[in-house]
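1. Requesting a structural model of the entry that follows:
(2 chains)
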Amino acid sequence: MDAVLDRSAREIAEAVRTRAVSAAEVAEAAIARVRERDPQIGAFLTRTEDLARERARRVDERVAAGEALPLAGVPVALKDNLCVTGTRTTCASKILEQWVAPYDATAVSKLLEAGILPVGKTNLDEFAMGSSCENSALGVTRNPWDLGRVPGGSSGGSVASVASGTATFALGSDTGGSIREPAAFCGVVGFKPTYGRISRYGLIAFASSLDQIGPITTSVADAALVYETMAGFDPCDATTVDRPVEPAGTLREDLRGVRVGIVKEFALDALDAAVREVYAQAYRDLERLGAELVEVELPTADYGVATYYLIAPAECSSNLARFDGMRYGLRVERADVAATYEATRAAGFGDEVKRRILIGTHALSSGYYDAYYVRAQKARTLIAADFAKAFARCDVIACPAAASPAFEFNAKSDPYSMYLMDYYTIPMSLAGLPSLSVPCGYVTPPGAAGPLPLGLELTGPLFAERALLAAAHAYETGTQHAKKHAPPPLAGAAR
Amino acid sequence: MSVTIESGTLLEVNGTAFEAVIGMECHVELKTATKMFCGCRNVFGGEPNTNICPVCLGMPGALPVPNGLAIEHVLRAGLAFGAAVPPFSKFDRKNYFYPDMPKNYQISQYDLPFTSGGTVTFRLPDGALRSVRLSRIHLEEDTGKSMHLGSSDGRLSGSTHSLVDFNRAGVPLMECVSEPDLRSAVEAVAYLEALKRTFVALGVSDVKMEEGSLRCDANVSIRPVGSSEYGTKTEIKNMNSFRSVGRAIESELARQVSVLREGGRIVQETRGWDESQGTTHVQRSKEQAHDYRYFPDPDLVPFEFGAAYVDGLRAGLGVLPQTRIERTIAENSASGEDVKVVVQQAHQLVDTPGVADYYDEVVALGAAPQAARNFILGDLTRLANESGTPVAESRVSPAALAELVSLVESKAINSKIAKDLIARLWADGGSPRELVEREGLSQVSDVGAIDALVAEVLSANASVADDFRAGKAKVMGFLVGQVMKASRGKANPALAEERLRAHLAGE
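-> Coordinates of the predicted model:
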C-alpha cells in the first residue's frame, strides 16, 4: 500500500475514484509514512491524523455516491499559516503556539471539497519571514537532500514534506519567493500564481499585497491540477480577480514557437562555476526543445530587494499589530494594557519578525512615509512596467530561482545576506506575476552529502498561467531532472 | 428635537470683541443590514460578543470585503449637500493600539474620502439662514466598546479590569467633518439638527445620539472679531445629546474667554465634557498625539465612480428636508405670520416621520398652507400622540383634510365644528363635506336666524346683559358662547358677537 504514495496526485485520485484503493487505505499509508520519515526531516509542526482519517471516510462515502472528486484521497501537507478549523495554526510563532483556528481558509476548503486528506501542518519561517526556515520558533526542518542543510523558506516544511514523500503535494505561500526558493532547494515544483488568482482568506497575512498561496508538487502536471482546483474569485477576498481560470488541459511536450526571455541583468557570470553551468545547460535545453531565446532587459529588477524590504515590512507592521495578547494567542500579563502589549509581543515574536515590524513602522511613520513607502511603491510600479515591456518580446522569462543550492544551517547569519536569497524571485512578486520553480539540475558543493538540486524559475505575464504551466511541463518532460535523483536519506525507500 | 440653548455668552476680552469659531466632526453609524466588512448583522445592542465573526474580530487570516450599500449611503449623504464625489477613492489603515479595536488598526479613509466639499444650509430658531461648508465625508469601521469595571464611576482610571464587547466592531461609520464656519453654540446645534434630518430623510442612518449612532466632537476656538487667523482650538468630546453639545460649547467658550482675560494662553488639547459638572476637563494634550501611520489598505481594492452612476444617485435623492423647509417658508412669506413660528412649524413638519409628505399632499390638493399646517401640527398631532397612530397612517386622508381646510377657509363651517369633525374623521374616516351636508353642520350666517337666537339668549340672561351695559365687557364671551350653544355650534361666532353688541346697544 505504501507504494501508492509515490504516485502523482492525479494518479492517486484516479485510483481512489475507480475504487482501486480506498481513501481510508491511502490515509493509513500516509499516516504511517509521516511517522516513519518525518522524525528525520521535521517538516511538520502538527500532524492531523484524525482529520486525515475523518476526511478519508467522507471521501470514500462520496466516491461511493458517484462523485467525481478531482483530488480524491490525495495526502496533503498544509503550511502552518493556513487556517484549518479546529487545528492548531501557529505561523511557527510563540505568539500563536496554542491558537486553534475557528474557520477554514478558502483555498483549504476548496481542496477539502475536492477530496484531499490533510496529513499535517508544516513548519515555516515565523510568519513566513525568512528564506531558510531557520526563523521558526517551533522546530527545525532539514533538507531531505542533505540533513545538514536548510530546506529553504519560508515554506520549508511544505517543500521538505513533498521532497521526502510524506505528502503528495503541499500548499505554501509566497510573498517574495517563499514557494519558489525552497522548491529549488528541495528539488520539487513550486508555483506562485498571479496575485489575485487564489483567495488569501484564511492565510495569515505577512504582506497582503504580495502574499499568494500556491502548490508544491513533484510535477508541473500536479501543480496545474491543484492550481485549477484552488483558483478563482472568492467573495471573502476583495483582492481576488473575477476572471475565468483556463484549464491547462493536455500540456504540450515541446517549446516550438515559444519565445523565452533571458534577462540581461541576471547574467550568470556572478554565479559559482558549477551552478552557472547548470543554468547555462538549462537555457540550452530550452533551445533544444524548440524555444527561441531572446534577451530582455529588466533594468529596475536590481532595486527589487530594496523595494520589497520597505513594502513588505510596512504591511507586516500593520498586519501583525493584532497579535497583542488581548483576544487570542500568547498573553504575558502585566500591570496595565500597554505593559501587557509590550511584554506579550517581546516574548511572542522572534528577532526577524521584530526587525521587520520595526523597519515597517519606521517606513510608514510621519516624515518618512514619502521617502520610503511612497518611493517604494513608485519603484514597484516601474518594476512591473519593465516586465510588461519585456513580455512584449517574449512569452516566458527564464532565470535561476536562487543563486546557490541549499546552504548549511547558520550559514547566513546577517539578515542582509539572507534577504539576497530572494534576489531572483522578489521582482516577480512585486509585479504580481505567475512564476514557478522547476528542477533543472544538480551540483555537489564540497562537504555536501550528495548532489543538491537547483531550480529554474519560469515567469509568465499576468494571468498567463496556462502558457506558463505548458512551457514548464515541456521543459520538465524534456529534461527529466526531477526523476534523476532521489534525496539520499530516502534513496532506499521506494519512490 | 428642538433644543434651546441659553445663548449670549459675551465674548469680550479686555475691551476687545471676540467671536467663536467652531467646527464639528460627526460620526454617524449607517443603516445597513450587515456590518461594513463582514456578514454580521448591523444591529444595536444584544448580548455582548454574540454578533461577531472572524472578520470583525480581526482573527488571523480574516479579510475585509466592503459593504456596497454603506458606500452608497456616504455618496448620497455627500450629494445631498452638493459635495463632490472623486473619480477615484480608496480605504486606508489608521494604525494605533487599543483593546476595543480588534486589528489594532482601523480601516478608514485618509487622503481620498468618498466625498469632499459641499454646504449644509439651515435655519436658526430665529429664522436666520446659515450655511456651513463641509470639508469631507468619509467611511470607516466602528470599534468595539470597552467597559471599565471596579471603579466607582465606570472610568478607566481606578478600574480593576476592563471588558470589551465587539458587537459594535465593524459597524459602518460615516465621519462628516465641517469647516470651522459655526459662530455660536446655537448654530452648532442647528447644524446638527440639519444633518440629522437630512440623514434620516435619506435613510442612511437613524441618527440616535442616545444609542450612539450619532457621536460628535466640536473643535472650538475664539478670535478677535475681524481677525482672519484662527485661535488655538480645543477638541471637545463626550457630548451625548444635542443639548450637551450646546452646553459644552457654551462652557468651553466661557472658559477660553476667561483664560485670555487672565492673560493666559489656550493650549491645543482634547477636553471631555462632564455633563453633571457642566464643565470640560483635559483628556489629552497635543504632545501625546498619535502618529497613525496611514497607508492604503492592501486588502481592499480602490474604487472608481463613473459619472453616470453618480448622476443616478443624485437624481434619486428625492425632496430634501431643507428644500421642504424653504418651500414652507416661501408659501407663508405673504401671510404676515411671525417667521419664528413658520420656521419652527416648517422644522416640525419635516422632523415628524411621514408628516412632510402628508402636508405636501394636502397643499397639493389646494388647501391653504397655513391652515393645513395648523391642523396637522395641532389637532392631528395631538390625536396621533394620544392614539399612537402616526398622522400619515390615520383615517384622515390628505383629501379629507384638504376638504376640511377649504370648508373652514370658505367659512362654510366654523372652527368649533371643524375641531369636532377632525375628531370624528380620526375615529371613523369619511368626507367632511358629506358629514356637513348630511348633518346640517354648515355655519349659520343668516342675520335673521342669528337675531332670533340673540333675542332668546338675552331674554334668558337679562342680568348678564345688564352687567355688560354697566361696563363688564368680558361677559361678551359668555353671551357668544350661549348663542353658539343655542345654535348647536353652528352659528358664525363673529356674526353672533356683532348682533349681540347691536342688540345690547338697543338697535
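2. Would you tell me which helix is longest in chain A?
-> Criterion DSSP state H: the longest helix present in chain A is helix A:23-41.
3. helices and strands around that one, which ones?
-> Applying 3 or more CB pairs under 8 Å, 6 or more residues apart in numbering or on different chains; DSSP states H and E, we find helix A:23-41 packed against helix A:9-17, strand A:44-47, helix A:49-64, strand A:75-79, strand A:117-122, helix A:156-163. Glycine gets a C-beta too; all of them are placed from N, C-alpha and C.
4. Strand partners (parallel or antiparallel) of the shortest one?
-> It refers to strand A:44-47. strand A:117-122 (antiparallel) (DSSP bridges).
5. Mind checking the pLDDT average for the strand it pairs with?
-> Mean per-residue pLDDT for strand A:117-122: 98.
6. before we move on, what about stretch A:297-312?
-> 97.
7. Equivalent analysis for stretch A:152-163, please.
-> On average, stretch A:152-163 scores 97.
8. Is there any residue in that stretch that contacts chain B?
-> No: using CB under 8 Å from any CB of the partner chain, stretch A:152-163 stays clear of chain B, with a minimum separation of 15.6 Å.
9. just the helices in the stretch 251-400 of chain B please.
-> B:307-315, B:321-331, B:339-351, B:355-364, B:369-375, B:381-387, B:398-409 (DSSP state H, counting those that start in this stretch).
10. returning to what we had before: which one of the helices and strands packed on helix A:23-41 is the most hemmed in?
-> Counting by mean count of other CB atoms under 10 Å in any protein chain shown, helix A:156-163 has the highest mean neighbour count of the helices and strands packed on helix A:23-41, with a mean of 35.
11. Just the C-alpha atoms of that helix, please, in CSV.
-> Only the C-alpha atoms of helix A:156-163 are listed here, as CSV (Å, rounded to 0.1, in the frame of the first residue of the first chain):
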residue,chain,number,x,y,z
GLY,A,156,10.4,25.0,4.2
GLY,A,157,8.3,22.4,5.9
SER,A,158,5.9,22.1,2.9
VAL,A,159,8.7,21.5,0.4
ALA,A,160,10.6,19.1,2.7
SER,A,161,7.4,17.1,3.1
VAL,A,162,6.9,16.8,-0.6
ALA,A,163,10.6,16.1,-1.3
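12. So which elements touch that helix?
-> Secondary elements touching helix A:156-163 (3+ CB pairs under 8 Å, 6+ apart): helix A:23-41, strand A:44-47, strand A:75-79, strand A:117-122, strand A:169-174, helix A:180-186, strand A:212-217.
13. mind checking how far it is from the chain centre?
-> On the basis of CA atoms, centre = their mean, to the nearest Å, helix A:156-163 sits 9 Å off its chain's mean C-alpha point.
14. Let me know how buried the closest residue to B:T34 other than its chain neighbours is, in neighbour terms.
-> Using CB to CB, 6 or more residues apart in numbering or on different chains and skipping residues adjacent in sequence, the residue nearest B:T34 is B:N42, 5.7 Å away. For B:N42, the neighbour count with other CB atoms under 10 Å in any protein chain shown is 22.
15. quick one, what contacts B:N42?
-> B:N42 makes contacts with B:29-35, B:171-172, as judged by CB atoms under 8 Å, 6 or more residues apart in numbering or on different chains.
16. what's the offset of stretch B:99-112 from the middle of its chain?
-> On CA atoms, centre = their mean, the centre of stretch B:99-112 falls 30 Å from the chain's centre.
17. Report the spatially nearest residue to the closest residue to chain A within the stretch 351-500 of chain B, omitting neighbours in sequence.
-> Proximity of the stretch 351-500 of chain B to chain A (CB to the nearest CB) peaks at B:P353, 35.4 Å away. Residue nearest to B:P353 in three dimensions, not counting chain neighbours: B:P390, with 6.5 Å by CB to CB, 6+ apart.
18. Quick check, that neighbour in contact with B:A384.
-> Yes: between B:P390 and B:A384 there is a contact under CB atoms under 8 Å: 5.8 Å.
19. Who has more neighbours out of those two?
-> Applying other CB under 10 Å to B:P390 and B:A384 shows that B:A384 carries more neighbours, namely 21 against 16.
20. how close does the most centrally placed residue in chain A sit to chain B?
-> Computing the C-alpha centroid of chain A and ranking residues by CA atoms, centre = their mean puts A:I179 first, at 2.1 Å. In this view, A:I179 and chain B are 18 Å apart by CB to the nearest CB, to the nearest Å.
21. where does that residue fall, phi/psi-wise?
-> For A:I179, the backbone dihedrals are phi -100, psi -40 (criterion: degrees, to the nearest 10).
22. isn't it right up against A:T217?
-> No: counting by CB under 8 Å, A:I179 stays clear of A:T217, with 10.7 Å between them.
23. what is in contact with those two at once?
-> Here A:I179 and A:T217 share the contacting residues A:F191, scored by CB under 8 Å, 6+ apart.
24. Would you mind listing what in the stretch 151-300 of chain A touches chain B?
-> Those residues of the stretch 151-300 of chain A that sit near chain B, judged by CB under 8 Å from any CB, are A:200-205, A:207-209, A:235-239.
25. returning to what we had before: ok, and which of the helices and strands packed on helix A:156-163 has the densest surroundings?
-> The most buried one of the helices and strands packed on helix A:156-163 (mean count of other CB under 10 Å) is helix A:180-186, showing a mean of 36.
26. Give me the helices and strands touching that helix, please.
-> Helix A:180-186 sits against helix A:156-163, strand A:169-174, strand A:189-192, strand A:435-443, strand A:452-459, with contacts defined as 3+ CB pairs under 8 Å, 6+ apart.
27. redo that, cut-off 10 Å
-> Judged by 3 or more CB pairs under 10 Å, 6 or more residues apart in numbering or on different chains; DSSP states H and E, helix A:180-186 is in contact with helix A:156-163, strand A:169-174, strand A:189-192, strand A:212-217, helix A:426-430, strand A:435-443, strand A:452-459.
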